[in-house]
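**Q** Dropping a prediction and its sequence here:
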Amino acid sequence: MGSLNIKIIYRFLGITAILNGMFMFLAVPFSIYHNEPEKWGILNAGIITIAIGILLYFLNKPTTTNIQKKEGYLIVTLGWLTLSFTGMLPYLLSGAIPTISNAFFETISGYSTTGSSILTDIESMPKGILFWRSATHWIGGMGIIVLTIAILPLLGIGGMQLFMAEAPGPSTDKLHPRITDTAKRLYLIYVILTLVEFLLLKFAGMTWFDAINHAMATMSTGGFSTKSDSIAHYNSNPLIQYIIIFFMFVAGTNFVLTYFALKGKVQKVFKSEEFRYYLFGILGISFIVALLILFFQDPNLKSALAHPKVFGETESAIRHALFMVTSIITTTGFVSADFTMWSFFATGIFFALFFTGGSAGSTSGGVKVMRHIIMLKNSFLEFKKTLHPNAIIPVRYDGKTVHKTIVFNILSFFIIYMLIFIISSVILTLFGLDFLSALGASASSLGNIGPAIGSVSPVDNFAHLSNAAKWFCSFLMLIGRLELFTVLILFTPFFWRKN
């Protein structure tokens, strides 16, 4: 541990806490406007968080500002824990969520953009708290770490190692050679898309408060809503749901491709193999699900949320299928209807989608489409090699040869991901969940999805879980959000060796 630059780690955690505290202050005006007593809890939480950050920053002056890989992994993981432990203070100090286990679960579910909740009556929550809840999504979506990378050069600290540890997915595309410029462009796209969605949702009929909350939750692929029945609350307004479908799709797309699209280079978007699989996968699966809703749904399992007669049964089936498939694949977790009510076959399809994920380089969680493509291509090549053992046939992606190291990394990631899912499912049964609910909670937490199956289905939540189960699911959300290796490497003995 002596080889680690401990002071630079503490200093970075200080910056993280200061920024987090500043975001808390943004929730205070909402409480003041609605004359809520909880404003003092949120304000005090912001002051305490900033004070912690200032102490960590100014009491640690490193002799060198170089950040190596070890420091990068520690900073990202500890940074997320710093966000989560300070981020639960508004809930605790305002009394909105009085217990630590519930407050931490809701907080890390926000920062990890999972969207699982322990709140049973969301409409009764103070507006300032609801805004803070959505803000945790927005902060976690692109990663406050990426935002901080844009500031680090001002402090004389390089940030490339941090971006490599935090940036979701195996994509290595960059918008600009300098990492700080990349971070700024990513965040600019993120902010612009959030504002555009906010304006469109307001125009479509949402209140300004609901519009800003849902815009933050959509662009972060988070899923926290200001309504207990999520987007099903707006089933009588299809325009709102179509707007959210579009922005969920955009949020689940590689932000590098979004940048090219905004620059008018649309042909580069459709040249991407991952984007084509992502787009046509969503459309194809949505078509199958729409058929299931229309023709094979058990009439005794009609979803109370679906309202299929509002704008015609066919349009409703297509809209709900497209909404829920996009929501699950992008790991947003918004709900327009209860997919577990659309036949057991439909439930099976959605459970399989828990392991898909959006595009690499997006705010989505999960395994990611790129990894699936490379794993499938590698598997088909193995069949070819059995017939032609002496042939050298590389895996090709986007017309380029994929290095064996990347293929092995992806295979290792998937094996570890599935191993963690299986072990976690068994552990959750020890904490009192039935087997179906344990499978759902494990897959949902690890994939940062939100709704699941069993007793944690789209119309239920995680409030009934034991405290031990909530802490365990919180851990799964963290490792899922940070792509497994970033966190799990800290548990290996060789990480802490000096060499």
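**A** Done, it's in. Numbering: from 1, shown residues only.
**Q** pLDDT below threshold where in the chain?
**A** Applying pLDDT under 70 to the chain picks out residues 1-3, 144-179, 297-312, 499.
**Q** Can you show me the strands along it?
**A** Taking DSSP state E as the criterion, the chain contains strands spanning 396-397, 400-401.
**Q** Would you format those as TSV with mean neighbour count and distance to residue 6 included?
**A** Quick note: C-beta positions are derived from backbone N, CA and C, even for glycine. Compiled in TSV, the strands of the chain are given as follows (neighbours: other CB atoms under 10 Å; distance: least, CB to CB, whole Å):
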stretch	mean neighbour count	distance to residue 6
strand 396-397	15	39
strand 400-401	9	40
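**Q** Out of those, which is closest to residue 79?
**A** The closest of those to residue 79 is strand 396-397. By CB to CB, the value is 30.9 Å.
**Q** can you list the residues that contact that closest one?
**A** Defining contact as CB atoms under 8 Å, 6 or more residues apart in numbering, one finds that strand 396-397 is touched by 273, 370, 373-374, 377, 402.
**Q** quick one on the thing from earlier: would you turn the strands of the chain into JSON lines with distance to residue 268?
**A** Written out in JSON lines, the entries for the strands of the chain read as follows (distance: least, CB to CB, whole Å):
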{"stretch": "strand 396-397", "distance to residue 268": "15"}
{"stretch": "strand 400-401", "distance to residue 268": "14"}
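**Q** And the ones you listed: which comes nearest residue 197?
**A** When these are ranked by proximity to residue 197, the top entry is strand 396-397, at 31.0 Å, counting by CB to CB.
**Q** Any idea how far the closest one is from the middle of the chain?
**A** In this view, strand 396-397 has its centroid 27 Å away from the chain centroid, taken as CA atoms, centre = their mean, to the nearest Å.
**Q** Work out the sheet partners of that strand and label each with its direction, please.
**A** Neighbouring strands of strand 396-397 in its sheet, by DSSP bridges, are strand 400-401 (antiparallel).
**Q** Not counting its own residues, what contacts the partner strand?
**A** If you take CB under 8 Å, 6+ apart as the criterion, strand 400-401 is touched by 394-395.
**Q** What of stretch 451-463?
**A** So stretch 451-463 is in contact with 102, 105, 115-120, 223, 229-230, 305, 328, 333, 335, 337-340, 347, 350-351, 354, 433-434, 436-441, 443-444, 464-465, 470, 473, going by CB under 8 Å, 6+ apart.
**Q** Could you point out which of the strands of the chain sits nearest residue 477?
**A** With distances scored as CB to CB, the stretch of the strands of the chain nearest to residue 477 is strand 396-397 (29.1 Å).
**Q** which one of the contacts of strand 396-397 has the most neighbours?
**A** Neighbour tally across the contacts of strand 396-397 (other CB atoms under 10 Å): the maximum, 26 neighbours, falls on residue 370.
**Q** Nearest to residue 137, out of the strands of the chain?
**A** Of all these, strand 396-397 sits nearest to residue 137, with 30.8 Å by CB to CB.
**Q** OK, contacts around the residue most central in space within the chain?
**A** Using CA atoms, centre = their mean, the residue of the chain that lies closest to the mean C-alpha position is residue 113, 3.5 Å off. Listed by CB under 8 Å, 6+ apart, the contact partners of residue 113 are 137, 140-141, 220-223, 331, 363, 365, 448, 481.
**Q** Okay, and which of the contacts of stretch 451-463 map to helices?
**A** The members of the contacts of stretch 451-463 that map onto helices under DSSP state H are 102, 105, 328, 347, 350-351, 436-441, 443-444, 470, 473.
**Q** What is the nearest of those residues to residue 410?
**A** Distances from the ones in helices among the contacts of stretch 451-463 to residue 410 were compared by CB to CB; the smallest belongs to residue 443, at 19.2 Å.
**Q** Looking at the chain, which residue reaches furthest from the middle?
**A** Among the C-alpha atoms of the chain, the one farthest from their average position, using CA atoms, centre = their mean, is that of residue 390, at 43.0 Å.
**Q** how close does that one get to residue 384?
**A** Counting by CB to CB, to the nearest Å, the separation of residue 390 from residue 384 is 12 Å.
**Q** number of nearby residues for the spatially closest residue to the residue nearest to the centre of the chain that is not a sequence neighbour?
**A** Distances taken as CB to CB, 6 or more residues apart in numbering place residue 222 nearest to residue 113, at 4.2 Å, with adjacent residues excluded. Look at residue 222: counted by other CB under 10 Å, it has 33 neighbours.
**Q** My read is that residue 222 contacts residue 333, right?
**A** Yes: contact between residue 222 and residue 333 holds when scored by CB atoms under 8 Å: they sit 7.2 Å apart.
**Q** Show me which of the contacts of stretch 451-463 are buried.
**A** Under a neighbour-count criterion of 16 or more other CB atoms under 10 Å, the subset of these counted as buried comprises 102, 105, 115-119, 223, 229-230, 305, 328, 333, 335, 337-340, 347, 350-351, 354, 433, 436-441, 443-444, 465, 470, 473.
**Q** Which stretches in the stretch 51-200 of the chain count as helices?
**A** Listed in chain order, the helices of the stretch 51-200 of the chain (DSSP state H, counting those that start in this stretch) span 69-87, 89-94, 100-111, 127-142, 144-151, 160-166, 179-204.
**Q** angle of the fourth one against helix 69-87?
**A** Comparing the axes of helix 127-142 and helix 69-87 via axes from the mean of the first three to the mean of the last three CA atoms, to 10 degrees yields an angle of 170 degrees.
**Q** For helix 127-142, buried residues please.
**A** Buried residues in helix 127-142, counted by 16+ other CB under 10 Å: 127-142.
**Q** so which pair among the ones in helices among the contacts of stretch 451-463 is furthest apart in space?
**A** Across these, the longest distance by CB to CB is 27.9 Å; it joins 102 and 347.
**Q** What sits closest to residue 424 if chain neighbours are left out?
**A** Setting aside the residues directly before and after it, residue 424 is nearest to residue 442 in space (CB to CB, 6+ apart), at 4.1 Å.
**Q** Hmm, the one you found is touching residue 476, no?
**A** Yes: with contacts defined as CB under 8 Å, residue 442 counts as touching residue 476 at a distance of 6.8 Å.
**Q** Now do the shared contacts for these two.
**A** Common neighbours of residue 442 and residue 476, using CB under 8 Å, 6+ apart, are residue 424.
**Q** For residue 255, see how far away residue 75 is.
**A** Counting by CB to CB, the gap between residue 75 and residue 255 amounts to 22 Å.
**Q** Sorry, slip of the keys, the one I care about is residue 121.
**A** The value you get for residue 121 to residue 255, if CB to CB is used, is 35 Å.
**Q** Looking at these two, which is more packed in?
**A** Under the neighbour definition other CB under 10 Å, residue 121 and residue 255 were set side by side, and residue 255 has more, 26 against 7.
**Q** Contacts only, for that one.
**A** Shown here is residue 255, whose contacts under the criterion CB under 8 Å, 6+ apart are 142, 186, 189-190, 361-363.
**Q** Make TSV from the residues you listed and add distance to residue 240 to it.
**A** Supplementary listing: those in TSV, determined by distance: CB to CB, whole Å:
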residue	distance to residue 240
142	24
186	27
189	23
190	21
361	28
362	22
363	21
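**Q** among those residues, which two are most distant?
**A** 190 and 361 (12.3 Å).
**Q** Wait, residue 477 touches residue 447, no?
**A** No: using CB under 8 Å, residue 477 is not in contact with residue 447; the gap is 9.4 Å.
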